[in-house]
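1. My questions concern the predicted model and sequence given below.
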Amino acid sequence: AQSVTQLGSHVSVSEGALVLLRCNYSSSVPPYLFWYVQYPNQGLQLLLKYTTGATLVKGINGFEAEFKKSETSFHLTKPSAHMSDAAEYFCAVSDNGNNRLAFGKGNQVVVIP
Amino acid sequence: DTGVSQDPRHKITKRGQNVTFRCDPISEHNRLYWYRQTLGQGPEFLTYFQNEAQLEKSRLLSDRFSAERPKGSFSTLEIQRTEQGDSAMYLCASKASGGASTTDTQYFGPGTRLTVL
């Protein structure tokens, strides 16, 4: 079964500073990996995904993530945080994208002016 | 493409009552998923449908929970004899599977927040 570990439930970052959210996964088959963002009282919006091919993937709002098989990681980064980035971020894994998603516990990002 | 919609957005009920939620997926999506999200946690898989067939159910889906997708379009999730532990956000997602329109991304609705008093 697939699983995801996200450490540090709350992450504080200064406006303009690097955003780094860590995600490590466990999967017995080649994983499909996703980052979703959730704003208060809303559903989840896809930020970016890795399925196959290029291991560095770019998403919306200036975010990107790199799939590293040797480290079983899919960390999310953004060079410069904006106030609008304050939200909860979830990493998720599935086997081939057809079945259930297994989510991490999420990171609540706070942007400090 | 109007996105995934869910109704109601909020539901407050008393313990022991039955509640039903509805999800309307993106029109061309044949797969529909239900997840539950409790406070401070990531969403947890409950069940999914391929057209009208319910293909997988999580152990989280107790006998008090039932989901249907009778015509392969919208889906309902019913909880009978609600308990305070059922308080959560119930999320629906859909995707296209099979054929030229296959996607690998699940698109989520805004969720139904259930509060059981």
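-> The structure has been received and is ready for your questions.
2. Only C-alpha atoms from now on, for both contacts and neighbour counts.
-> Will do.
3. can you list the residues of chain A near chain B?
-> Those residues of chain A that sit near chain B, judged by C-alpha under 8 Å from any C-alpha of the partner chain, are A:41-46, A:51, A:90, A:96-98, A:100-106.
4. Which of those residues are buried? Put it as a PyMOL command.
-> Selection command for PyMOL covering only the buried members of those, criterion 16 or more other C-alpha atoms under 10 Å in any protein chain shown:
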select buried, chain A and resi 42+43+44+45+46+51+90+97+98+100+101+102+103+104+105+106
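5. So which residue is smack in the middle of chain A?
-> A:Trp35 (3.5 Å; C-alpha atoms, centre = their mean).
6. Three-state assignment for it, please.
-> Of the three states, A:Trp35 takes strand according to DSSP: H, G, I helix; E, B strand; the rest coil.
7. how near is the nearest residue to it once chain neighbours are set aside to A:Leu18?
-> Beyond its immediate neighbours in the sequence, the residue positioned closest to A:Trp35 (C-alpha to C-alpha, 6 or more residues apart in numbering or on different chains) is A:Cys91, lying 4.6 Å away. A:Cys91 sits 18 Å away from A:Leu18 when distances are taken as C-alpha to C-alpha, to the nearest Å.
8. Between the two, which is the more surrounded one?
-> It is A:Cys91, of A:Cys91 and A:Leu18, that has more neighbours when counted by other C-alpha atoms under 10 Å in any protein chain shown, with 32 against 14.
9. For the residue nearest to the centre of chain A, list each beta-bridge partner.
-> According to DSSP bridges, A:Leu48, A:Cys91 are recorded as the beta-bridge partners of A:Trp35.
10. which residues does it contact?
-> By C-alpha atoms under 8 Å, 6 or more residues apart in numbering or on different chains, the contact list for A:Trp35 reads A:46-49, A:76, A:89-92.
11. run the last query once more with 10 Å
-> When contacts are counted by C-alpha atoms under 10 Å, 6 or more residues apart in numbering or on different chains, A:Trp35 is found next to A:23, A:44-50, A:59, A:63-65, A:74-76, A:89-93, A:103-104, A:106.
12. Give me the nearest residue to the residue in chain B that chain A sits nearest to, chain neighbours excluded.
-> In chain B, the residue that lies nearest chain A is B:Pro110 (3.9 Å; C-alpha to the nearest C-alpha). Using C-alpha to C-alpha, 6+ apart and skipping the chain neighbours, the partner closest in space to B:Pro110 is A:Gly43 (3.9 Å).
13. show me where chain A has strands.
-> Counting by DSSP state E, chain A has these strands, from start to end: A:3-5, A:10-14, A:19-21, A:24-26, A:32-38, A:44-50, A:56-58, A:64-68, A:73-78, A:87-94, A:102-103, A:107-112.
14. Could you verify my assumption that the residue nearest to B:Pro110 touches B:Gly42?
-> No - the pair A:Gly43 / B:Gly42 is not scored as a contact, 11.7 Å apart, by C-alpha atoms under 10 Å.
15. Next, the buried residues of stretch A:65-77.
-> By neighbour count with 16+ other C-alpha under 10 Å, stretch A:65-77 contains the buried residues A:65-67, A:73-77.
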